[in-house]
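Student: could you look at this predicted model? Sequence included:
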Amino acid sequence: MSEKEVIVGRESLWTKSGRKLLRDRAGVAAMVVVGIYGIIALLVSFGVIAQDWDKLGEEGFEGMSAAHWFGTNINGQDIFARALQGIKTAFQVGVVVAISATAIGGILGAIAGYFHRTIVDEVIMWIYGCIDAIPFYLFVAAVAFALKGAEFTVPVLDLHISLAPYAMHIAMIATFWSSTCRIVRGEVIKIRGLEYIQAAKAIGVGPLTIIRRHVMPNTSHLLLVQSTIAFVGAIKSEVILTFLGLGVKEGVSWGIMLSESINDVLRGHMGNFLGASGFLFVLVIAFNMFADALQDALDPKKVSG
Amino acid sequence: MTESAPKPVLRIRDLVVEFKTEMGVIRALDKISFEVMAGESLGIVGESGCGKSVTALSILKLIPSPPGRIAEGSIELDGIEVVSQPEHEMRKVRGALASMIFQEPMTALNPVFTIGNQMVEVIRVHQKVSKTKAKKQAIEMLRTVNIESPEKRIDQYPHELSGGMRQRVMIAMALSCSPKLLIADEPTTALDVTVQAQVMEEIKRLQQEMNMGLILITHDLGVIAESCSRVLVMYCGKIIEMAETGELYKNPRHPYTRGLLDSIPRVRKEKLKTLPTIKGMVPDLADLPKGCRFADRCPKVEDRCRTEEPPLEDTEGGGKVACFHPN
Amino acid sequence: METLQYAIRKLIYAIPLLFGVTFLSFILMVHFGPDLTYSILPKSATQEQIEEIRAELGYDLPFLQRYGKFMKEVVTLDFGSSTSSGEKVSSILKKAVPVSFLVALPAFILANLLGILLALYAANHRGRFPDKAVMVLAAIGMSISYLMVVIAFQLIFCTSYGLNWFPVQGWVEPPPDYPDATAGEIFYYYWYYYWSYVAVPTLASIFVALGYNTRFFRAVIVEELNRDYVRTARAYGVRNRKIMMKHVLKNAMIPISTRIIITLPFVVIAGNLVVEKFFGIPGVGLVTYDAITNGDLPIVKAVVTCTAVLYVLALILTDIVYKIIDPRISYSK
């Protein structure tokens, strides 16, 4: 409506969104929670806390105590320490998948959108159309099949890295990029028609420069939102894939803990289940809320709150 | 006004409409008052964001709420107080007592239903008639607004009609229950120039035939000159001038009205080098100046204008103006 | 007739996609797929035996010929026999598909129906308390892992720690052979056991899907509510319920039906791996799970390819549904 045009300020999208985000109390709370998880993940990675997660205890299924906050599992390992290790695993999976998937999706989406109605666009759309057609879990299974025994060789150092443990990461990246690609493509098609792009074209700026200088920056807010969505998708998928035997095989993750807990709970031991699902739930809901707040803050059309 | 003067179909008194925004509550309309008589046509002009459309929507209580709300004042439609009317009673008013035509004939009709379906629905909201009878009425209405072969058109979808034709359908729908007041919100802005005049002609003719009150909202003073007897100029949610059309064009009293009239391109005897414009920008409704809202852009601004808000006062021309130094 | 022509044209447009999905399946599972020679043969196999089996499996063929062989399997729907049980893949799937269908269908219907109703309710009160409450619940539902839900629901409904109303695992067995059982009794038997096994998986699936569905449907409906035609209908006195159920819903059905149709092949054919594995239901999901763990390539290959092809067909179906709902789409496009 016409009233809105008057109210919208004249500051940049980012500062305005930043202020908007900070005023969103739920969004700030969610950001703090995600921040705490992130710090824990770093502390675990640098070996500061939860290092004795795989130390076997004398007795399994101990109850809660000062020594074992969440009790112990069947092997007498401390569940709290394992849950903290799970944070590290979750962040590792989430960050790798979110960054790679949105980067690939963003670049391909920008290219497809810019070359809308050309063969380039058709091919990119065709690729994600094909990938979307295969159910996610089966796709992971198929990638896992394909990567069995596959190796990545670093030529100079004569390093051979087996790709099989990364089947999950690769499959997630290979599927998650398509939604980013689709959204960025749509936005770029919109941006492409705007005067300033037409003007840049008219004075002879090359397509790659236009994409890099004028198109990509205008999609960065979408990439930010998409990466939070991919992050959540990745850590939730990890749990399911691990349960299906396609996910994390080394170390410990919430997926491993939940899979272990299936037998525990039937015998009345809730430690593993509550520990893993509590940490998982809080992180996912915080991330979801953060993604929502981010989306609201970055949406220039949304005026009233 | 004499004893024999017609009754007003619409009487608005001190209407205040507020919107909740992230910058706090803003007043989209600030104490506006005016009347529309039966058979009279009133034009409302102003830039976008001045409150024209909000005025139109408030009359039918169509302000999106939240974030908007009617905070104060009264709106009397043919003797019925609209502001305190509950939603289910308002439904009987909308379309029957007062009706509305919107700007975008492209989007204002539902794309997935036929013209007939939508017209019959409106007729049957207000009249207890069978579907076949309502359809007959709808066809008659289409004929009234000069749509050729209405029997065929009625079963078509909006996208199968041209812009002008869609706007005629809107008019037919709006008038299908013979309202006493018709509000036309920029009815021709989205149309081709050649079609604009025809559609405006149609609205004028029907207004006279049906003796309706008409509120014509537009930013185009040219359209108003041709079709309205009285004009109301709005700026930043306030009425700043109100006058008979001829008087306003001959003798604009508010500097803003003068600016608006000067910026209309027209064939003149002397050649102008550039078209005059009004300098500056419309102030932010969330951050209004203390005194006159037009002060920052006014060529005749004085110190008093920056501290005091000018009240809307009678002029010797029979109109009203809110300015300390009118022409 | 026109619709049929339209469908055929859409099918022709879908050929590149059909080619793509089958090619992708081929690359992943046949070209780069695992070498099955040694899982079929005993360790003491001779060189001739190895070569014989490799020739039989087509490993020695050049790329294009291998692809041709794969495409023949796809077209004839004959993916050979399971490497673990030796049973024909087609007969395994023939048994498993109806089971998956029966398990998935109630949850699929209810989760979409409830989602639409909740979305209508929330959108109707948008910005106010009922909307916020529904959206908060949806956000919570979306944040709970499927695995958490099935574990918790099994605990609550199927064990003595909770209500203990339903069996923990399993699927309907054929009824014991009573010679004088009437048709009604047999029907009742199936009906009873069907629901006792399907109830908890259904509840869990609805719980997981409802949050996503409601959110998506609400967004679609709210977007429609902001359209000009809604304001027009209101301005002419059309009652709110009619605006919602007639004007808004029909327009919103375009994206809503897309989502429903597109997820259908995944639900029916791919089955639900988590639910079927967890509750021991012998549908496509469980068959696939076993195939993945045992490296039973023909089955995985068949499931992946069939789902992908059905997905493409579902896309064509959405185009036809669009055409029915939206008069603006012409047959010639």
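Tutor: Good, I have the coordinates. Numbering: from 1, shown residues only, chains lettered A, B, ... in the order given.
Student: where does pLDDT dip in the stretch 201-333 of chain C?
Tutor: Low-confidence segments of the stretch 201-333 of chain C (pLDDT under 70): C:268-271, C:331-333.
Student: show the contacting residues for residue 233.
Tutor: No chain specified, so I'll use chain A. A:97, A:172, A:176 (C-beta atoms under 8 Å, 6 or more residues apart in numbering or on different chains). For the C-beta atoms, the positions are set from N, CA and C on the backbone; glycine is no exception.
Student: to clarify, I was referring to chain B.
Tutor: Contacts for B:V233 (C-beta under 8 Å, 6+ apart) come out as B:44-46, B:239-242, B:248, B:254, B:256-257, B:260.
Student: host element of the closest residue to it other than its chain neighbours?
Tutor: Ranked by C-beta to C-beta, 6 or more residues apart in numbering or on different chains and with sequence neighbours excluded, the top spatial neighbour of B:V233 is B:E241, at 4.3 Å. Under the criterion of DSSP states H and E, B:E241 resides in strand B:238-244.
Student: and which of the contacts of B:V233 is nearest to chain A?
Tutor: B:G46 (9.8 Å; C-beta to the nearest C-beta).
Student: what about A:D121, which SS state?
Tutor: helix (DSSP: H, G, I helix; E, B strand; the rest coil).
Student: what number of residues lie near the residue nearest to it when sequence neighbours are not counted?
Tutor: Distances taken as C-beta to C-beta, 6+ apart put A:A112 closest to A:D121, at 4.5 Å, once the chain neighbours are dropped. Using other C-beta atoms under 10 Å in any protein chain shown, A:A112 is surrounded by 25 other residues.
Student: what segments of the chain are helices?
Tutor: No chain in the question, so chain A it is. Shown for chain A, the helices assigned by DSSP state H span residues A:2-7, A:13-23, A:25-45, A:79-114, A:119-133, A:136-147, A:167-192, A:195-202, A:207-209, A:220-243, A:254-266, A:271-298.
Student: meant chain B actually
Tutor: Counting by DSSP H, the helices of chain B are B:52-59, B:87-93, B:115-126, B:131-144, B:150-153, B:163-175, B:193-210, B:221-227, B:245-250, B:255-262, B:303-307.
Student: among the ones you listed, which is nearest C:D228?
Tutor: Evaluated over these, closeness to C:D228 peaks at helix B:163-175, with 10.6 Å, by C-beta to C-beta.
Student: what angle sits between that closest one and helix B:193-210?
Tutor: When axes from the mean of the first three to the mean of the last three C-alpha atoms, to 10 degrees is applied, the directions of helix B:163-175 and helix B:193-210 differ by 20 degrees.
Student: just for chain A, where's the confidence low?
Tutor: A:1-13, A:149-150, A:300-305.
Student: centroid residue for the chain?
Tutor: Just so you know, I chose chain A. For chain A, the residue nearest the mean C-alpha position is A:F231 (1.4 Å; C-alpha atoms, centre = their mean).
Student: actually it's chain C I care about, not the one you picked
Tutor: Mean-position check on chain C, C-alpha atoms, centre = their mean. Result C:V267 at 1.3 Å.
Student: residues from the stretch 1-150 of chain A in reach of chain C?
Tutor: Residues of the stretch 1-150 of chain A lying close to chain C by C-beta under 8 Å from any C-beta of the partner chain are A:126-127, A:129-135, A:137-139, A:141-150.
Student: got the contact list for the nearest residue to B:E202 once chain neighbours are set aside?
Tutor: Once flanking residues are discounted, B:E202 sits nearest to B:V145: 5.9 Å by C-beta to C-beta, 6+ apart. Going by C-beta under 8 Å, 6+ apart, B:V145 touches B:168-169, B:171-172, B:175, B:202, B:206.
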